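Asks: Sequence below, structure please.
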Amino acid sequence: CILLAGHRCYREYPQTWMHRQITSHSSGNKKLKILSTTQFPILYSHSSICRQINVAKSKLSLFPSQTLANEMRVVLEDLEKESLEKTRRSKNGRL
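Replies: Numbers count the residues shown, from 1 in each chain. Reported below is the predicted structural model:
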């Protein structure tokens, strides 16, 4: 939704992209070597998922087409319902 609104995303870069960038920009005697990596999974509660969905909803008025915005609104509402159902079924209330 952020991209469809013409805005720039602010998320972290994927690990695979980082590896490619580091290795492709290493040359000659200035070689960089990845020694190790660590991933920290993020578990989302229903309220944190809804905050992200609300960010998406706030961008709908900036979409290039009202039809597209209306369709996306339906998708976002469905995601919110699905999030509630799945987080309620989850052992720790998070996904």
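Asks: list the contacts for the closest residue in space to Pro64 that isn't next to it in sequence?
Replies: Once flanking residues are discounted, Pro64 sits nearest to Leu4: 7.2 Å by Cβ to Cβ, 6 or more residues apart in numbering. (Glycine included, C-beta is placed from N, CA and C.) By Cβ atoms under 8 Å, 6 or more residues apart in numbering, the contact list for Leu4 reads Lys59, Leu62, Phe63, Pro64, Leu68, Met72.
Asks: Make a ChimeraX selection of whichever of the residues you listed turn out to be buried.
Replies: Selection of buried members from these for ChimeraX, criterion 16 or more other Cβ atoms under 10 Å:
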select :59,63,72
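Asks: sorry, back to before: dihedrals phi and psi, the residue nearest to Pro64?
Replies: phi -60, psi -30 (degrees, to the nearest 10).
Asks: what about it, distance to Ser47?
Replies: Distance, Leu4 to Ser47, using Cβ to Cβ, to the nearest Å: 24 Å.
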